[in-house]
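Enquirer: predicted model and sequence below, questions to follow.
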Amino acid sequence: MDLPIRKFSFHLLAWLHRSRRRRLSFIKRYAYKDIKKATDGFHRIVYSTSHGAAYKAKFRDGGIVLVKEITEINQEKEEFYRKVQLLGRLHHRHLLALRGFSFGHKRLLVFDNVENGSLKEHLNDPLRTPLNWRTRLQIAAGVVAALEYLLLFNDPPIYHVSINSSNIMLDENFNAKLSDIGVLTSAGDSEAMPHTSCSKDCMNQECSNLIYQLGVLILELVTGQSSENGDADLVQWIQESRFRNSIHNMIDPDLGNTYDNRELRSLLAVAKLCIASRGKPTFSVLQIFRYFQKKVEIPQ
């Protein structure tokens, strides 16, 4: 190899090494005191699990964001930074984008705006304007699109996801945004709450659990009922052989007669398939997604 080329290669490798060592150059670091004030002393809880809580934060400039507390035991500083970098590289219109982080008294992740709060609030709060049928279809489609991106278009598909109405946020246009996304550590541990991970050919227990969560979410969108205290009733209903005869008794009263009957039955067919996949998956993740896209045509 010629000397000039060897010198160029040496300097290029050195530059790449320095670039990889730079931490979080594209992600903002927030002061802990600013986040504490914006969350009203961490009292504006959106949802909470045994692994931490998520808070609604409002800053002086009027911006509203979601702040997630990471309480993983023995979480090293460098490992936390690595996770922040990985999450910061995810870009999809149905994922809540990572804005920044804070590492101090608490390890915090700061995500994008949540103007319309969580899906759960809109389904369960009688003071909220009910979601119309078109919006519910779009929310279901948005969740599927986000999962497709995370599981099929990331190499390797190491991202962990939890799906429920509490951690699906809605932006100003009521677009669904998944907020509970984690990544595997080098040791194989997970940062996320109840989770699964899989590839497009995955048909194991972990992937079937994820598809099951999607099915339960669809049932929540259709019925307006919460699965917070267990989803047994909703699941039992759709597993009944004569469930089709009771569809109109189960649909959310807030929808009135505004829904399309064909679209409703198609959406429930997807939910039924997702629920049936738990414990004995017979379809891959890719097949489930394609089935949804075939059965559910989102109105423009």
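Expert: The structure has been received and is ready for your questions.
Enquirer: pLDDT weak spots in the stretch 101-250 of the chain?
Expert: 156-159, 183-206, 227-230 (pLDDT under 70).
Enquirer: host element of D155?
Expert: D155 belongs to no helix or strand when assigned by DSSP states H and E.
Enquirer: now the helices for this protein?
Expert: In the chain, the segments counted as helices under DSSP state H are 3-21, 32-38, 77-88, 119-124, 133-152, 205-223, 232-239, 247-250, 261-276, 285-295.
Enquirer: elements contacting the last one?
Expert: Spelled out, that is helix 285-295. If contacts are counted by 3 or more Cβ pairs under 8 Å, 6 or more residues apart in numbering; DSSP states H and E, helix 285-295 sits against helix 133-152, helix 205-223, helix 261-276. To be clear about C-beta, it is placed using only N, CA and C from the backbone, and glycine gets the same treatment.
Enquirer: before we move on, the earlier item: so which of the helices of the chain comes closest to L66?
Expert: Proximity to L66 (Cβ to Cβ) singles out helix 32-38 among the helices of the chain, at 11.1 Å.
Enquirer: and the closest one, what's its mean pLDDT?
Expert: Averaging pLDDT along helix 32-38 yields 93.
Enquirer: what's the neighbour count on the closest residue in space to S246 that isn't next to it in sequence?
Expert: Once flanking residues are discounted, S246 sits nearest to W237: 7.2 Å by Cβ to Cβ, 6 or more residues apart in numbering. Number of residues near W237 (other Cβ atoms under 10 Å) recorded here: 16.
Enquirer: looking at the helices of the chain, which is closest to G104?
Expert: Ranking the helices of the chain by proximity to G104 (Cβ to Cβ) places helix 32-38 first, at 3.9 Å.
Enquirer: outline the domain layout of this protein.
Expert: 28-113, 119-295 (automatic domain parsing).
Enquirer: how far off centre is the first one?
Expert: When C-alpha coordinates are averaged (Cα atoms, centre = their mean, to the nearest Å), domain 28-113 and its chain have centres 15 Å apart.
Enquirer: so which residue is dead centre in the protein?
Expert: L178 (2.5 Å; Cα atoms, centre = their mean).
Enquirer: against R128, how distant is the nearest residue to that residue once chain neighbours are set aside?
Expert: Spatial nearest neighbour of L178, chain neighbours left out: A146 (4.8 Å); criterion: Cβ to Cβ, 6+ apart. Noted for A146: a distance of 23 Å to R128, by Cβ to Cβ, to the nearest Å.
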